[in-house]
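Q: Predicted model and sequence follow; I will ask about them next.
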Amino acid sequence: MGTTQLESVPEPKYWQLRTVLTEALDSEFSVGEILPNERDLAARFGVARATLRQALEQLELEGRLQRRRGVGTTVAPPRVGVAVGSAQHTWPGAADDAWQPTDCVLAPPPAAVADLLETGRDEPVHTVRRSRTTHIQPVATELLYVPRSSVPALPAIDTPSGAARARAVLRELQRLPLEGQDQSVELGSAGAEDARELDRLPGAPVLLVTTRFHTAGRTAAVSMATYRADTCRLTFGAFGGVEIHHDPQRHAS
């Protein structure tokens with residue numbers, strides 16, 4: 001059976017266009033500048049609009065472009081640096097935590113989260129919503145799922161939901177001995193609610209970071225964090241933590 005020589009396989013047309021567009025971004029456009037509309041771009045480069053869309057989507061995935069509601073497609077700024085993990089494991093809500101709690105409700109989690117927590121799929125858990133900004137720019141949103149068994153002494157405060165309830169849940173978590181945590185990262189697409197909080201369009205590429213927090217041989221909490229893929233670059237540190245680093249080499253001028 002013969003083998004296929006990679007050198008003989010031509011690049012897809014959208015990938016060739018992506019290369020041309022990258023050169024144009026570097027030489028003709030500034031950060032934040034709005035690109036011409038799809039019709040004009042397709043006419044300029046002599047391609048079908050479907051091919052153009054594929055190339056634009058690829059550049060958005062690479063963090064070179066941003067699509068903003070009511071604005072259009074703009075040249076993206078350099079990716080910002082945001083620490084996701086640290087050398088020392090800590091509970092969410094610790095003193096140096098950069099996340100801001102915004103809400104908390106008691107509701108059954110998604111089935112996949114219930115399986116990670118080993119709770120019944122219909123069993124309500126505390127769901128803490130938090131957000132994160134860098135340089136006044138929204139970069140991530142998080143849902144933290146905490147079973148009631150992890151915070152049995154949670155005080156009965158007047159409001160059953162909201163930021164005050166979220167802070168109360170986070171304070172109670174600090175009482176538990178944290179034995180360890182593990183993380184996984186995958187590429188996904190933004191749902192409607194996450195897209196709204198991150199100022200993105202639904203379906204925009206995002207980085208999904210799932211963290212499980214362990215105590216007494218069980219999973220005490222699960223974090224599902226959604227990061228903007230156009231502004232974040234993930235690397236894994238020596239201690240297993242995940243960090244997002246600023247990329248000073250990439251710019252548009």
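A: Nice, thanks for sending it over. Quick caveat, the model's predicted, so the values are computed rather than measured.
Q: if I look at the residue nearest the centre of the chain, how far off is Val31?
A: Nearest to the mean C-alpha position of the chain, by Cα atoms, centre = their mean, lies Tyr227 at 1.5 Å. Tyr227 sits 20 Å away from Val31, going by Cβ to Cβ, to the nearest Å. For every residue, glycine as well, the C-beta is placed using N, CA and C.
Q: With Gly217 instead?
A: In this view, Gly217 and Val31 are 49 Å apart by Cβ to Cβ.
Q: ok, those two, which is more surrounded?
A: Per other Cβ atoms under 10 Å, whichever of Gly217 and Val31 has more neighbours is Val31, with 13 against 6.
Q: low-scoring stretches of the stretch 1-150 of the chain, by residue?
A: Applying pLDDT under 70 to the stretch 1-150 of the chain flags the ranges 1-10, 79-88.
Q: now the strands for it?
A: Along the stretch 1-150 of the chain, the segments classed as strands by DSSP state E, counting those that start in this stretch run 65-68, 72-75, 82-83, 100-107, 125-134, 137-146.
Q: residues in contact with the fourth one?
A: Residues external to strand 100-107 that are found in contact with it (Cβ atoms under 8 Å, 6 or more residues apart in numbering): 93, 124-133, 148, 160-163, 165-170.
Q: For it, list every residue counted as buried.
A: For strand 100-107, burial by neighbour count (16 or more other Cβ atoms under 10 Å) applies to Pro101, Cys104.
Q: ok so, going back, with distance to Gln58 added, can I get the strands of the stretch 1-150 of the chain in CSV?
A: Conversion of the strands of the stretch 1-150 of the chain to CSV gives the following (distance: least, Cβ to Cβ, whole Å):
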stretch, distance to Gln58
strand 65-68, 9
strand 72-75, 13
strand 82-83, 24
strand 100-107, 33
strand 125-134, 25
strand 137-146, 21
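Q: quick one, which of these is nearest to Pro177?
A: For Pro177, the closest of those is strand 137-146, at 15.5 Å, according to Cβ to Cβ.
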